[in-house]
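**Student:** Structure for the following, please:
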Amino acid sequence: MTGEDEAARKLFAGACDFVWGTGSLESLPPHDLPEAAFVGRSNAGKSSLINALTNRRALARVSNTPGRTREINFFRLADRLMLADLPGYGYARASKALAAEWQTLIFAYLRGRPNLRRVALLIDARRGVMEMDKAVMDLLDQAAVSYALVLTKADALSDGEAKTALASAEAQGRRHTAAFPQVCLTSALEKTGLVALKTQLAALADP
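**Tutor:** Reported below is the predicted structural model:
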């Protein structure tokens with residue numbers, strides 16, 4: 001086990017507690033810790049991935065209904081890193097006004113949070129990088145916010161499909177200035193691909 005892997009193991013074995021939920025920029029929690037945000041299209045698997053990373057069953061609420069999460073939820077990990085679970089974007093059945101309100105909240109948070117160190121941009125591996133994902137990548141490039149592409153639901157793909165999805169995501173990432181070079185291929189269901197992501201995030205935590 002490498003030093004980074006050991007640091008990641010210790011970090012994610014620590015206490016992780018829900019500390020804050022808000023749908024307003026005016027009531028975000030204090031920015032006293034480095035922060036990593038999880039963002040992606042509705043139903044990309046953000047809550048499931050957070051639960052898998054922290055080895056909890058229900059730390060983040062999982063819903064089968066896209067667009068259910070409407071707040072930014074914050075989780076304090078080992079008093080060293082804050083995890084932020086953001087509302088999904090691009091849910092077609094949400095009312096246009098409500099969808100615009102959610103996306104305004106997401107983008108304002110991403111542009112303006114001073115302690116935000118990394119965004120994990122979740123991509124459903126079955127669908128690949130879609131136009132709305134590219135728009136978010138462009139926004140993060142413009143804001144100079146570091147982000148890493150994280151493919152989810154890899155368990156639904158064959159080995160060949162998984163390799164193709166990973167190569168395609170890596171190619172997309174190379175076109176963007178703020179994209180972290182490593183793309184993670186994960187399955188929250190099978191708990192695969194999590195070590196690389198934990199190692200990425202552990203490097204951002206307070207010592």
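**Student:** before we move on, what SS does residue 122 have?
**Tutor:** Secondary structure state of residue 122, per DSSP: H, G, I helix; E, B strand; the rest coil, is strand.
**Student:** Roughly how far does it sit from residue 53?
**Tutor:** Residue 122 is 12 Å from residue 53, where distance means CB to CB, to the nearest Å. For glycine as for every other residue, the C-beta is placed from the backbone atoms N, C-alpha and C.
**Student:** Please apply the same query to residue 179.
**Tutor:** According to CB to CB, residue 179 stands 20 Å off from residue 53.
**Student:** who's more crowded, the two?
**Tutor:** The residue with more neighbours, out of residue 179 and residue 53, is residue 53; 25 against 22, by other CB atoms under 10 Å.
**Student:** For the more buried one, give me its contacts.
**Tutor:** Going by CB atoms under 8 Å, 6 or more residues apart in numbering, residue 53 touches 12, 194, 197-198, 201.
**Student:** same thing with residue 154?
**Tutor:** Going by CB under 8 Å, 6+ apart, residue 154 touches 125, 162, 165, 185-187, 190, 192-193.
**Student:** Of the residues you listed, which is the nearest to residue 8?
**Tutor:** Residue 8 has its nearest neighbour among these in residue 193, at 13.1 Å by CB to CB.
**Student:** Phi, psi for that closest one please.
**Tutor:** In terms of degrees, to the nearest 10, the main-chain angles of residue 193 are phi 80, psi 10.
**Student:** And for residue 170?
**Tutor:** The phi/psi pair for residue 170 (degrees, to the nearest 10) reads phi -60, psi -40.
**Student:** how deep is it tucked in, by neighbour count?
**Tutor:** Using other CB under 10 Å, residue 170 is surrounded by 15 other residues.
**Student:** Not counting sequence-adjacent ones, nearest residue to it?
**Tutor:** In this structure, residue 170 finds its nearest non-sequential neighbour in residue 183, 5.0 Å apart by CB to CB, 6 or more residues apart in numbering.
**Student:** That neighbour and residue 53, how far apart?
**Tutor:** Where residue 53 is concerned, residue 183 sits at a distance of 16 Å (CB to CB).
**Student:** Same check on residue 190?
**Tutor:** Taking CB to CB, one finds residue 190 at 14 Å from residue 53.
**Student:** returning to what we had before: as CSV, the contacts of residue 154 with neighbour count would be great.
**Tutor:** Converted to CSV, the contacts of residue 154 look like this (neighbours: other CB atoms under 10 Å):
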residue, neighbour count
125, 27
162, 19
165, 23
185, 22
186, 27
187, 22
190, 12
192, 14
193, 23
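**Student:** Confirm that residue 37 sits in a helix.
**Tutor:** No - assessed with three-state DSSP, residue 37 is strand; it does not lie in a helix.
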